[in-house]
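Student: quick one: sequence and predicted model below, then my questions.
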Amino acid sequence: MAGSNPNAKPMNLTLKVWRQKNRNTEGKIVDYQVKDISPEMSFLEMLDVLNEDLLRKGDEPVAFDHDCREGICGSCNLFINGRAHGPETGTTTCQLHMRKFSDGDTIVIEPWRANAFPVNRDLSVDRSAFDRIIQAGGYVSVNTGGTPDGNEIPIPKEIADRAFEAATCIGCGACVASCKNASAMLFVSAKVSQLALLPQGHVERKTRVENMVAQMDKEGFGACTNIGSCAAECPVGISLENIAILNREFLAAKATSNNLV
């Protein structure tokens, strides 16, 4: 594959890939060699090449999650050389290109490591815990019928911008994988902040934060100790400020709540 750069030289790489049949079996690192990899390929395209080679040999391909391949869906959850999504800051795995590596490199590829994200197979993990947290409170009440006018409720630009920044969370789970406690606070705080900042989210404001935090704890995520590795590795730059907003929302909700649990 020549790519868009005519001067790009193909690379030969050693891949150390985590292989695991399912969540109930032990996994191990398996070495693979891939040749003639174009620097213009994305990381996932390189894995496609590996799988094509494995299929030609009659071996099982490496399972990994992907969907949009445009840095939007958050499906491509890989730990590459000890970093969530790889060596390039602010980039998802699918947006990572092989030009970030050099000929002869050894690349270690692992799945997210967290009790709340069990391995489905190889590099694919079950992130449905995030879905259940959203189901617990990540929504707003709406009236059925015609679509309301977008400018019907005036919102200051500063507030709208902050809500939009929180809403950019793609739910990939890099924050959990990067945290030594496997905490989901950055993810949950982004979802809470997004809705708490807007008037449309005030109806469920108190019950939302209580229910989402309770579900987060139920799923087995760890506690936040403010290390900041989650924000440092977040591919879309979700700020730690959202965790402060969540803590404030949670304390305010508990102060006036009938739920003493």
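Tutor: Looks like it came in fine.

Student: so residue 18 touches residue 112, yeah?
Tutor: No: between residue 18 and residue 112 there is no contact under C-beta atoms under 8 Å: 10.6 Å. Just so you know, the C-beta spots here come from the backbone N, C-alpha and C atoms, and that holds for glycine as well.

Student: compare these two (neighbour count), which wins?
Tutor: Using other C-beta atoms under 10 Å as the criterion, residue 18 and residue 112 rank with residue 112 on top: 25 against 19.

Student: tell me which stretches of the stretch 1-150 of the chain form strands.
Tutor: 11-19, 28-37, 79-80, 83-84, 106-110, 119-121, 124-125 (DSSP state E, counting those that start in this stretch).

Student: between the ones you listed, which gets nearest to residue 201?
Tutor: For residue 201, the closest of the strands of the stretch 1-150 of the chain is strand 83-84, at 28.6 Å, according to C-beta to C-beta.

Student: let me know the pLDDT of residue 149.
Tutor: pLDDT for residue 149: 75.

Student: also residue 4?
Tutor: Looking at residue 4, the pLDDT reads 54.

Student: my guess is residue 212 meets residue 187, correct?
Tutor: No: here residue 212 lies out of contact with residue 187, judged by C-beta under 8 Å, at a distance of 9.9 Å.

Student: residue contacts, the nearest residue to residue 78 once chain neighbours are set aside?
Tutor: Closest residue in space to residue 78, ignoring its immediate chain neighbours: residue 93 at 4.7 Å, by C-beta to C-beta, 6 or more residues apart in numbering. With contact taken as C-beta atoms under 8 Å, 6 or more residues apart in numbering, residue 93 is in contact with 43, 44, 76, 77, 78, 80, 85, 86.

Student: min pLDDT across the residues you listed, which one?
Tutor: residue 77 (90).

Student: what distance do you get for that one to residue 171?
Tutor: Distance, residue 77 to residue 171, using C-beta to C-beta, to the nearest Å: 10 Å.

Student: ok, now residue 15?
Tutor: 27 Å.

Student: got it, and residue 253?
Tutor: Applying C-beta to C-beta to residue 253 and residue 171 gives a distance of 23 Å.

Student: now residue 84
Tutor: 13 Å.

Student: these two - which one has more neighbours?
Tutor: residue 84 (25 against 18).

Student: in the sheet, who's paired with the more buried one?
Tutor: Legend: beta-bridge partners of residue 84 under DSSP bridges are residue 79.

Student: residues in contact with it?
Tutor: Counting by C-beta under 8 Å, 6+ apart, residue 84 has contacts 77, 78, 112, 174, 177, 178, 233, 235.

Student: just send the strands of the stretch 1-150 of the chain back as a markdown table, with distance to residue 166 too.
Tutor: Shown next, in a markdown table, are the strands of the stretch 1-150 of the chain (distance: least, C-beta to C-beta, whole Å):
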| stretch | distance to residue 166 |
| --- | --- |
| strand 11-19 | 32 |
| strand 28-37 | 37 |
| strand 79-80 | 25 |
| strand 83-84 | 19 |
| strand 106-110 | 29 |
| strand 119-121 | 29 |
| strand 124-125 | 24 |
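
Student: how about the ones you listed, which one is nearest residue 139?
Tutor: strand 124-125 (24.7 Å).

Student: partner strands of the closest one, with direction?
Tutor: Strand 124-125 is paired, per DSSP bridges, with strand 119-121 (antiparallel).

Student: what sits against residue 90?
Tutor: Contacts of residue 90 (C-beta under 8 Å, 6+ apart): 235, 236, 237.

Student: quick revisit: ok, the residue nearest to residue 78 to residue 240 distance?
Tutor: 23 Å.

Student: can you flag which of the contacts of residue 84 belong to helices?
Tutor: 174, 177, 178, 233 (DSSP state H).
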